[in-house]
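A.B. asks: here's my sequence, what's the structure:
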Amino acid sequence: AELYRSVYEGDKKGEAWHGPALKPLLQNVTAEQASRSPQTGAHSILQLVLHVAYWEEVVLRRLQGEIVDAPLNSPDDWPSNRKPSNAEWKAALSRLDRSHGALRKAMQGCSDEKLKQKVPDRNHDNYTLLHGIIHHCVYHAAQIALVKKGFGKLFA
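C.D. replies: Just a heads-up that it's a prediction; the model follows:
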């Protein structure tokens, strides 16, 4: 749970073991910036935020024993890009905070026995599931960092 917290929030400087943590990367990103896609077919920061939140929600439900049908590349997995209002962008960030907080709380309550249990309707255990979502968060934090870097002055 602590590793997941650090990947999302980072230390006092916003850094995690891999570089910038996800939440600090999103500070000061505007709705306009969040909707920008670096190239045709690439995901915007808004899409990445909603994607990470969605998978945190799926993982939490699976950790709680629910069988979850979560098809890859569905509109829930990867929503289409749009220019959000400021309120919609804040709602996306709030959703990410909520999903992360709920999953982290659930992680803190996991016993060794719970971690060894097989995820319903899957071929892996909860330990592997939780490691997967940590890697997922790191991967998409790096994508967001690259999008911001690629746009340069837009994010200055």
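A.B. asks: for stretch 38-46, which residues meet the burial criterion?
C.D. replies: 38, 43, 44, 45, 46 (16 or more other Cβ atoms under 10 Å). Bear in mind the C-beta positions are built from the backbone N, C-alpha and C, glycine included.
A.B. asks: cool, stretch 16-30 as well?
C.D. replies: 16, 20, 21, 22, 23, 24, 25, 26, 29.
A.B. asks: if we can go back for a sec, reformat the buried residues of stretch 38-46 as TSV; add pLDDT, secondary structure and distance to residue 143.
C.D. replies: Output for these, formatted as TSV (pLDDT from 0 to 100; DSSP: H, G, I helix; E, B strand; the rest coil; distance: Cβ to Cβ, whole Å):
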residue	pLDDT	secondary structure	distance to residue 143
38	81	coil	10
43	94	coil	7
44	95	coil	10
45	96	helix	9
46	97	helix	12
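A.B. asks: related to what we said a few turns ago, from the buried residues of stretch 16-30, which ones fall inside strands?
C.D. replies: Using DSSP state E, the subset of the buried residues of stretch 16-30 located in strands is 16, 20.
A.B. asks: hmm, back to that, nearest to residue 104, of the buried residues of stretch 38-46?
C.D. replies: residue 45 (21.8 Å; Cβ to Cβ).
A.B. asks: so how far is residue 7 from the residue lying closest to the closest one once chain neighbours are set aside?
C.D. replies: Sequence neighbours aside, residue 34 is the residue nearest to residue 45 in space, at 4.4 Å (criterion: Cβ to Cβ, 6 or more residues apart in numbering). Separation of residue 34 from residue 7 (Cβ to Cβ, to the nearest Å): 20 Å.
A.B. asks: go on, residue 83?
C.D. replies: The value you get for residue 83 to residue 7, if Cβ to Cβ is used, is 29 Å.
A.B. asks: have a look at these two and say which one is more surrounded.
C.D. replies: Using other Cβ atoms under 10 Å, the more surrounded residue of residue 83 and residue 7 is residue 7, with 22 against 13.
A.B. asks: the helix ranked longest in the chain - contacts with which helices or strands?
C.D. replies: Assignment by DSSP state H gives helix 126-151 as the longest helix of the chain. On a contact count with 3 or more Cβ pairs under 8 Å, 6 or more residues apart in numbering; DSSP states H and E, helix 126-151 meets helix 2-9, strand 19-20, helix 22-26, helix 45-63, helix 112-116.
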